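Visitor: have a look at this prediction, sequence included:
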Amino acid sequence: MTTAEYDVIVLGAGVAGENAADRAVQGGLTAVIVEPELVGGECSYWACVPSKALLRPAQAMRAAQKVKGAADAVTGPLDVDAVFERRDFFAAEWADAGQVEWLESAGIDLIRGAGRLSGEREVTVALGDGGARKLRARHAVVVATGSRAAMPRIAGLADAQPWTSREATSAPAAPTSLVIIGGGVVAAEMATAYAGFGTEVTMLSRGGILTTMEPFAGDRVADSLRAMGVVIHENAETHSVNREGDTVTVTLVDGRTIEAEELLVATGREPRTSDIGLETVGLTPGEWIATDDTMRVQGNHWLYAVGDVTHRALLTHQGKYQARAAGDVIAARAAGTAIDDQPWGRHVATADHVAVPQVTFTEPEVASVGLTAHTARAAGLTVEVIDYDLGAVSGASLREDHYEGAARMVVDRERSVIVGATFVGADVAELLHAATTAIVGEIPLSRLWHAVPAFPTMSEVWLRLLEGYGRDSAQSV
Ligand SMILES: Cc1cc2nc3c(=O)[nH]c(=O)nc-3n(C[C@H](O)[C@H](O)[C@H](O)COP(=O)(O)OP(=O)(O)OC[C@H]3O[C@@H](n4cnc5c(N)ncnc54)[C@H](O)[C@@H]3O)c2cc1C
Ligand SMILES: NC(=O)c1ccc[n+]([C@@H]2O[C@H](COP(=O)([O-])OP(=O)(O)OC[C@H]3O[C@@H](n4cnc5c(N)ncnc54)[C@H](O)[C@@H]3O)[C@@H](O)[C@H]2O)c1
C-alpha cells in the first residue's frame, strides 16, 4: 500500500472540511481532502441550497400577491416543473466538477474514497476502485464527516422506504400527498415547500412546531402552514408504518391512521462517525466528537473536528466559522507562532456558545440568534424581554399590505446588552445580522441608540425595541 504524507489530512469535503483545508493551505501548509461522495457535501446537494431553491419561487409569488398593484400581475399558478428545474441548476445537477475545480485552485489535493483513522496522525482510505491508500499527517487530521438523518425506531419504518431530507430536497417531482414525521426545521421548511407545490401535507409532531425557538415563532409558522392547507397533528407519537405499493400508512399510538404517497422522516441528525476508526484514537464510534474551542479533540493533540460532527451548531455558517479557526490554529501551531485562544480570539469558535444565527425559511421566516427568553432565564440571567409588532413598522407595511410579524429582544439587565433576538415575518432574514453583531460586540444598549436605522426600512424595529426597553434603563448601567 502506498503512503503519502501531507501537513494536514481532512476527512470530508463538506463546507467545514473545505474551509479547514483552505485556511491550513493559506497558512502555508499542504493539505489533502478525502471524500467518498460529492465534493461540497450535504449543504450543496441535499440540504441548504436545494431546499432554499425549492422554497423561493412560491415565496416570491406570494410576496408579490401581497402588494396591491403587483398582485393583479401575478395571478397564474406556480410553474412547479420550472421550480424543480431551477433547483436542479442550484444543486449543480448533483455533479461536483465546479467544487473540484475550486479545490484545485485553492491548492488542496483530493482523494476519492472513505477515510478511517488508523493510528496517530494516520488515515487509511478505502478507494473507490477497491484499493487502499495510507496517508500520514505531519501536523493534524481534521474530522469533518458531517451528519446524516437520524431514523427513529418505528415498526415498519425501514421497509416503507421513507424519504429523508436527501430525497425531499432532490425529488424529481412533487408527490400528491406527503406525511412528515417531525416538527423541527427540516419538517417546517419542507412542509412549506411541498404545500406550495399543491401536495397534500400532513405533519406529525411529537411536541409542537419549532419548539426550540421563541414560542410565538412556532405558533405563527404553524398558523401559516394550516392556512396553506397543511394538516398538523401535535403531540402525535407514531406507532408503526406500512407501505403497500404507492401508499404509505402511518399509524399513531392513539390508533389514528394517515395515508400518503410519500413519508418524510425529519427527526434530527446523527453523526457520521460509526466507521471512521474513532476506536483507534480512544473515542467511541457512532458518537458526536467533542472539541475545545480551538476545535481540538481532547487527548489527541493532532486531532481536530469541525462542522456538524462536533454537534456544536448544525449549521453551514457555524461549521465554516469553526473550520476557519481550526485551519488557522493548525497553521499557527505548526509554525510555532502565538496562539490566540482567549474567548473571541482568532483561533477559537467562541460564538458557538453565545451567538448562533439561524434563519428558518418558512412563511413567515424565523430569524433568531442567541438565547430565547426561556434559555436566558434558565442560564440564570436577569432578563428583560421586549416585544414589538413588526407590522407596525413603516418599512414592513410598505413592503407588504397587512404585514404580519413579531420581534423580540432579550436583554441581560445586569450588563444592559442584548443576549438574544427573534424576528418572525416576511423577509426578516436580513434583520438578523444586526442582532448578531450587537450580541458578539456586547454593544451597550445606551450606545445602540446611536445606531440609527434608515427610514423606511424594517430595521426601524430596532428603534422600537430600544424604546420598549427605555432610554433611562439603557443609560443606567
Ligand atoms: C434539509 C436541510 C436543510 C438545511 N438548510 C440549512 C440552511 O439553510 N442553512 C444552514 O446554515 N444550514 C442548513 N442545514 C445544515 C447544513 O446542511 C449542515 O450544517 C452542513 O451541511 C454541515 O456541513 P459539514 O461540512 O459539517 O458536513 P457535511 O456537509 O455532511 O459534509 C461531510 C462530508 O464528509 C463526507 N464523509 C463521510 N464519511 C467520510 C469518510 N469516512 N471519509 C471521508 N469523508 C467522509 C461526506 O460524504 C460529506 O461529503 C440544512 C440541513 C438539512 C438537512
Ligand atoms: N434553515 C436552516 O438553517 C436549516 C434548515 C434545515 C435544517 N437545518 C439544520 O439541520 C438540523 C436537523 O434538522 P431537523 O429538522 O432534522 O432536526 P430538529 O432537531 O430541528 O427537529 C427534529 C424534530 O423531530 C422531532 N423528533 C425527534 N425524534 C422523534 C421521534 N422519534 N418521533 C417523532 N418526532 C421526533 C423533534 O421533536 C423535533 O421536532 C437542525 O439542527 C438544523 O440546525 C437548518
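Guide: Cool, got the structure. Everything numeric here is computed off the predicted structure, so don't read it as measured data. Ligands and ions are numbered 1, 2, ... in the order given.

Visitor: show me where the stretch 301-450 of the chain has strands.
Guide: Counting by DSSP state E, counting those that start in this stretch, the stretch 301-450 of the chain has strands at residues 303-305, 358-360, 365-370, 383-389, 406-412, 417-425.

Visitor: need these in JSON lines with mean pLDDT and mean neighbour count, can you?
Guide: (C-beta placed from N, C-alpha, C; glycine too.) Below are the strands of the stretch 301-450 of the chain laid out as JSON lines (pLDDT from 0 to 100; neighbours: other CB atoms under 10 Å):
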{"stretch": "strand 303-305", "mean pLDDT": "98", "mean neighbour count": "28"}
{"stretch": "strand 358-360", "mean pLDDT": "98", "mean neighbour count": "20"}
{"stretch": "strand 365-370", "mean pLDDT": "98", "mean neighbour count": "25"}
{"stretch": "strand 383-389", "mean pLDDT": "98", "mean neighbour count": "18"}
{"stretch": "strand 406-412", "mean pLDDT": "98", "mean neighbour count": "24"}
{"stretch": "strand 417-425", "mean pLDDT": "98", "mean neighbour count": "26"}
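
Visitor: look up how far residue 49 lies from whatever residue of the stretch 101-250 of the chain ends up closest to ligand 1.
Guide: For the stretch 101-250 of the chain, the residue closest to ligand 1 is residue 146, as judged by CB to the nearest ligand atom, at 2.1 Å. Look at residue 146 and residue 49: by CB to CB, to the nearest Å, they are 15 Å apart.

Visitor: ok, residue 301 next?
Guide: 36 Å.

Visitor: okay, now the domains of this structure?
Guide: 4-38+95-146+272-351, 150-267, 364-474 (the TED database).

Visitor: does the nearest residue to residue 46 once chain neighbours are set aside count as helix, strand or coil?
Guide: Excluding its sequence neighbours, the residue lying closest to residue 46 (CB to CB, 6 or more residues apart in numbering) is residue 166, at 4.3 Å. For residue 166, the assignment made with DSSP: H, G, I helix; E, B strand; the rest coil gives helix.

Visitor: doesn't residue 149 make contact with residue 166?
Guide: Yes. Judged on CB atoms under 8 Å, residue 166 makes contact with residue 149 at a distance of 7.1 Å.

Visitor: hang on, the earlier thing: so which of the strands of the stretch 301-450 of the chain comes closest to residue 141?
Guide: Proximity of these to residue 141 was assessed by CB to CB; the nearest stretch is strand 303-305, lying at 5.6 Å.

Visitor: related to what we said a few turns ago, and residue 166 and residue 149? Which one has more around it.
Guide: Applying other CB atoms under 10 Å to residue 166 and residue 149 shows that residue 149 carries more neighbours, namely 22 against 15.

Visitor: quickly list what that one is bridged to.
Guide: Counting by DSSP bridges, residue 149 is bridged to residue 269.

Visitor: so what's it up against?
Guide: 164-166, 265-270 (CB atoms under 8 Å, 6 or more residues apart in numbering).

Visitor: residue 176 - how many residues pack around it?
Guide: 12.

Visitor: is it true that it touches residue 200?
Guide: Yes. Under the criterion of CB under 8 Å, residue 176 makes contact with residue 200 at 6.6 Å.

Visitor: more crowded one of residue 301 and residue 49?
Guide: A side-by-side neighbour count of residue 301 and residue 49, using other CB under 10 Å, places residue 49 first with 19 against 12.

Visitor: returning to what we had before: how about CSV for the strands of the stretch 301-450 of the chain, with distance to residue 102 added?
Guide: CSV is the format used below for the strands of the stretch 301-450 of the chain (distance: least, CB to CB, whole Å):
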stretch, distance to residue 102
strand 303-305, 22
strand 358-360, 25
strand 365-370, 29
strand 383-389, 42
strand 406-412, 38
strand 417-425, 33
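
Visitor: for those strands, which one sits closest to ligand 2?
Guide: strand 358-360 (4.9 Å).

Visitor: anything in the closest one near ligand 2?
Guide: Yes. Residues of strand 358-360 are located near ligand 2 by CB under 6 Å from any ligand atom, namely 358-360.

Visitor: reformat those residues as JSON lines; add distance to ligand 1.
Guide: Formatted as JSON lines, the residues of strand 358-360 next to ligand 2 follow (distance: CB to the nearest ligand atom, whole Å):
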{"residue": "358", "distance to ligand 1": "7"}
{"residue": "359", "distance to ligand 1": "7"}
{"residue": "360", "distance to ligand 1": "8"}
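
Visitor: which residues touch the residue of the stretch 101-250 of the chain closest to ligand 1?
Guide: Residues in contact with residue 146 (CB under 8 Å, 6+ apart) are 12, 14, 16, 41-42, 271-272, 307-309.

Visitor: mind redoing it with 10 Å?
Guide: Listed by CB atoms under 10 Å, 6 or more residues apart in numbering, the contact partners of residue 146 are 11-17, 37, 41-43, 47, 269, 271-273, 306-309, 314, 319.

Visitor: contacts with ligand 1 among those, please.
Guide: 11-17, 37, 41-43, 47, 272, 307-309, 314, 319.

Visitor: what subset of these is also close to ligand 2?
Guide: Okay, of those touching ligand 2 (CB under 6 Å from any ligand atom), that's residue 314.

Visitor: among the ones next to ligand 1 among the contacts of residue 146, name the ones in strands.
Guide: residue 11 (DSSP state E).

Visitor: buried subset of the ones next to ligand 1 among the contacts of residue 146?
Guide: Neighbour-count burial (16 or more other CB atoms under 10 Å) is assigned, among those, to 11-17, 37, 41-43, 47, 272, 307-309, 314, 319.

Visitor: among these, which are in helices?
Guide: 15-17, 41-43, 319 (DSSP state H).

Visitor: could I get the residues you listed as a markdown table with distance to residue 245?
Guide: Shown next, in a markdown table, are those (distance: CB to CB, whole Å):
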| residue | distance to residue 245 |
| --- | --- |
| 15 | 39 |
| 16 | 41 |
| 17 | 41 |
| 41 | 34 |
| 42 | 31 |
| 43 | 34 |
| 319 | 40 |
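
Visitor: check residue 306 and give its pLDDT.
Guide: pLDDT, residue 306: 98.

Visitor: no further questions, thank you.
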